[in-house]
Each structure stands twice: as structure tokens, then as C-alpha cells.
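Engineer: Return atomic coordinates for the entry below.
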Amino acid sequence: MAAYRASMASSFSLVHSATLLKNSIFLRRSRVLAFSLHLSPFSTSSATLSSDVLHAHKKSRQPVAATLLELGGVKVGRDEIVKDDPTNNVPDSIFSKLGLQLHRRNNHPLGILKNAIFDYFDTTYPSKFTKFDDLCPIVSVKANFDDVLVPADHVSRSYNDTYYIDSQTVLRCHTSAHQAELLGEGHTHFLVMGDVYRRDSIDATHYPVFHQMEGVRVFNPADWEGSGKDGTQFAAEDLKKCLEGLAQHLFGGVEMRWIDTYFPFTNPSFELEIYFQEQWLEVLGCGVMEQDILQRNGRTNNVAWAFGLGLERLAMVLFDIPDIRLFWTTDERFTSQFSKGQLGVKFKPFSKFPPCYKDMSFWISDSFTENNLCEVVRGIAGDLVEEVKLIDNFTNKKGMTSHCYRIAYRSMERSLTDEEINDLQWKVREQVETKLKVVLR
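Structural biologist: Below is the predicted model:
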């Protein structure tokens, strides 16, 4: 799965104090697994957070009227998510996405897909799997990383890749962040669905908020004794049978294949690919859970399997949706095309508006990362930015490196005016120079 490819290859009242927030996270259900299908979710950038970046980030905070959200039945204040804390890197654009829960809307492509997967498990395993789709996305660093065996020096922990509320609290990077808690509470068959958050690049398949589903099934010795197989072999075969059935349920009669891979939290580990529209498509990652995770949660004599998938990628294929930004639009020309229970209805494009391209060149500093650039651009242009692409780079004789990025602006709902684009580009240039400590050319 793509989440693992990058060297692996996820009620409390926040309107009180920061201390209460930290203490409450371990008492309330803020559930994470690290199996994701988001494209290149973990970047390879440095995990170091420089003092220059922290200082620029702190200075860039703009006062916004306080707001409240309800997450998993809990009231959450903006000032507890977007905080004046040197380790906080959550912008208002991300705060505005919290609580929208596209996956819980029955007439939305993501909700339709989620319900189809739930229906498969309800039919194949009646009354077996407990389903969670409203867990709070605010989780501890321990739940998001440590509990699923993410190494302490892994790049996914960096400020450049993850949205930190403070040094011990993050917006979940994957639905795996709830795995340990659910196992510890005694759940043996469960599905977790939710919105997840990662600082990422900008193009038609990447967005800083997306949606994941994971599944876990735990076996007792009595389940495999007498089968002639050990627990690991038994669980692996059951896992493949389950997921082959799911693929057939979603895509119909398709050819599929299993690819051996490596994840730190499962052994053995696999990826499932299907042959769809004349190409092999990776649809999920899975494996037999590492014994260390089970033992930490009181399951010494058990084995378990786990899988994870990203809904956006599957929905883009099943519904022929060409741009990930469309999932967030409220335009009726998009929303009216989908109905509850109608899996695989093909999206009919309604926008033919052309993109507008603007190039920007600058000498980079040691602390520069592309994810930080994309955060700045998104902060100014929002969903009007379609792509940020590196088109040229060189290093001169003095050792200075220059990057040239091409920014594509396009609205899916209207034509953008030259004046509007020029104004956005000017603001982007100004903020890039100020926040990222680069020298424009």
C-alpha cells in the first residue's frame, strides 16, 4: 500500500486548557492503523524542524474569530487546534475541514463506497464486525506512531509531514491510530473509517485531508487448531479470502493478484492489485499483525490480520472522478449526480474551464521543503490551486540551489480572471519569501 511504500514503505473538552486536552486524549475515544491508499502519503523530507521555520510559522498566525466544532460528540474550540505554540502547524484551512465527515454522507461518493464495504462485511460476517466511523481525529503521538510500531526516527513523524497540535498531540495521519485502544477494549472484529490529515503535495490525486478504512480480525487458538496450519498461515489465508471477496463486491468479476511487500506492523505483508481498465491498480495493503502489537494489548496467544485502504483512490476509479478536489465541492452539478446505494455511477464532467499557469523561481534555504511550499500556496489560493510542480532546478558554482515551480490555478465552477490570478500569485510570492526564507529570482 502506498502509505507503507515510503520506507514503512495514523470526550474531552478542548475549550478548557491545553493540559486537559493532553490528559483527556488518553481517556476518550480518539481512535489509528497505518494502512493507507493515499498517494505518496509519507514524504522523504527531513524530520528536522528548524528554528527559522518555527519562528516564521509563529509570526504568520492571523487572528480569526473563535469557532466551535463537534467531533465525535465533543465540543472543540478553534484556539485549541490552531494554537500559538511553536510545535503547532495546523492552519485555518485544515481546521475548517474538521467535522465535515464526507464519509458519513449517504449521497456522497465516499459515503456510498463506505456503505458498500460495510454491507459486504455485514453480509459475509453477520453480526461479527463492529463499525466505527465517528471517532475523534485528534490523537496522541503515542497512538498515532508508537502503538503501531512506527520507528522513532521515521520521516512521517516530522513537522513537514504531520499536522501537530502540540508536541504530544496530532491530527491522525491514518485510522490505525485507534487500533491499540480498540484491541485493549476487547474488540476482536472491527472496521474503522475516518478522515485523516497529512501535509502533502498538490495535484489531482493529493489533498491534505482524505479518508481511510481499516479492518482488524483477531483469532483464538481454537480457530486454527485442527486445520493443519499454524496461526499465521491460517490468518493469512483467511485475510486473502476476505479481501478477494471485497474486491469482487466492489469491482465485479476482475482479475486480481497478490504482491508480497514489507510493513513494520505486519508479517507477512501483502498488497492486493486488480486489473481494471487495462491496468493493474493497487487497492489495499494488509498482513498478519505483528505479535508485539497484540501482546502490548493483552492478546498473548492470539493472531490477527489487518488491512487498510484509502477511499478517495477507489472512489475516483469507481465513479470516474478526475480531481480529488471535487469531493469537497458543494456545487449541485457534482452532488446531484450521486444517490444512496448507487455504487459506480460515472461522473459527468461539468467544467471545461482552462487552467492558468504561473511560474515562480527562487533560491532555496536549508530549511526549504516542498510540503511547506504547498501549505503556503494552499493557504492563499485554497482549492483554486490545481497543481504545484517542480519544473526546473540547478545548483550554481557557489553551491546555491534554485527551484522553479509551475503553479496551475483552475476553478471547476467558473472562469478565473487575469486580475484574480495575478493577485493570488502576488500574495503567494510574498508569503513564500516571508515564511520559507527563500530569495525570489
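
Engineer: Stretch 355-364: which residues count as buried?
Structural biologist: Neighbour counts over stretch 355-364 (16 or more other Cβ atoms under 10 Å) mark Cys356, Lys358, Met360, Phe362, Ile364 as buried. C-beta coordinates here come from the backbone N, C-alpha and C atoms, glycine included.

Engineer: for stretch 300-315, same thing?
Structural biologist: 302-315.

Engineer: quick revisit: okay, the buried residues of stretch 355-364 in JSON lines with distance to Ile94 next?
Structural biologist: Listed next are the buried residues of stretch 355-364 as JSON lines, based on distance: Cβ to Cβ, whole Å:
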{"residue": "Cys356", "distance to Ile94": "25"}
{"residue": "Lys358", "distance to Ile94": "24"}
{"residue": "Met360", "distance to Ile94": "23"}
{"residue": "Phe362", "distance to Ile94": "25"}
{"residue": "Ile364", "distance to Ile94": "24"}
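
Engineer: which one among those gets closest to His187?
Structural biologist: For the buried residues of stretch 355-364, the residue nearest His187 by Cβ to Cβ is Ile364; the value is 47.1 Å.

Engineer: residue contacts, that closest one?
Structural biologist: Residues counted as contacts of Ile364 (Cβ atoms under 8 Å, 6 or more residues apart in numbering) are Thr401, Ser402, His403, Val438.

Engineer: mind listing which of the buried residues of stretch 300-315 are in helices?
Structural biologist: Among the buried residues of stretch 300-315, the ones falling in helices (DSSP state H) are Leu311, Glu312, Arg313, Leu314, Ala315.

Engineer: and which of those is nearest Ile259?
Structural biologist: Arg313 (16.2 Å).

Engineer: so that closest one sits right up against His206, yeah?
Structural biologist: No - between Arg313 and His206 there is no contact, the gap being 10.7 Å when judged by Cβ atoms under 8 Å.

Engineer: if we can go back for a sec, can you lay out the ones in helices among the buried residues of stretch 300-315 as CSV showing distance to Phe121 and pLDDT?
Structural biologist: What follows is these, written out as CSV (distance: Cβ to Cβ, whole Å; pLDDT from 0 to 100):
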residue, distance to Phe121, pLDDT
Leu311, 15, 95
Glu312, 20, 94
Arg313, 20, 89
Leu314, 15, 93
Ala315, 18, 95
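
Engineer: Is Gln431 in a helix, a strand, or coil?
Structural biologist: Three-state call for Gln431 (DSSP: H, G, I helix; E, B strand; the rest coil): helix.

Engineer: Quick check: beta-bridge partners of the most centrally placed residue in the chain?
Structural biologist: Per Cα atoms, centre = their mean, the C-alpha nearest to the average position across the chain is that of Val196, at 4.1 Å. Assessed by DSSP bridges, Val196 has beta-bridge partners Phe210.

Engineer: Got a PyMOL select line for the buried ones in the contacts of Ile364?
Structural biologist: Only the buried members of the contacts of Ile364 enter the following PyMOL selection, criterion being 16+ other Cβ under 10 Å:
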select buried, resi 402+403+438
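
Engineer: Now the element after the longest helix anywhere in the chain, going C-ward?
Structural biologist: As assigned by DSSP H, the longest helix anywhere in the chain is helix 231-251. Of the helices and strands lying after helix 231-251 in sequence (DSSP states H and E), the nearest is strand 256-263.

Engineer: Which positions within that following strand qualify as buried?
Structural biologist: Met256, Thr261, Phe263.

Engineer: Can you name every helix or strand that it contacts?
Structural biologist: helix 2-5, helix 231-251, strand 266-276, strand 279-289 (3 or more Cβ pairs under 8 Å, 6 or more residues apart in numbering; DSSP states H and E).

Engineer: Can you lay out those as TSV showing mean neighbour count?
Structural biologist: Converted to TSV, those look like this (neighbours: other Cβ atoms under 10 Å):
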stretch	mean neighbour count
helix 2-5	23
helix 231-251	18
strand 266-276	20
strand 279-289	22
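
Engineer: nearest to Gln342, of the ones you listed?
Structural biologist: Per Cβ to Cβ, nearest to Gln342 of the helices and strands packed on strand 256-263: helix 231-251, 13.4 Å.

Engineer: How far off centre is the closest one?
Structural biologist: 24 Å (Cα atoms, centre = their mean, to the nearest Å).

Engineer: likewise stretch 249-259?
Structural biologist: On Cα atoms, centre = their mean, the centre of stretch 249-259 falls 24 Å from that of its chain.

Engineer: measure Pro109 to Lys340 for me?
Structural biologist: Distance, Pro109 to Lys340, using Cβ to Cβ, to the nearest Å: 11 Å.

Engineer: Now for Asp418, how many residues are close by?
Structural biologist: Using other Cβ atoms under 10 Å, the number of residues around Asp418 comes to 8.

Engineer: mean pLDDT for the helices and strands packed on strand 256-263: which is lowest?
Structural biologist: Of all the helices and strands packed on strand 256-263, the minimum mean pLDDT falls on helix 2-5 (a mean of 39).
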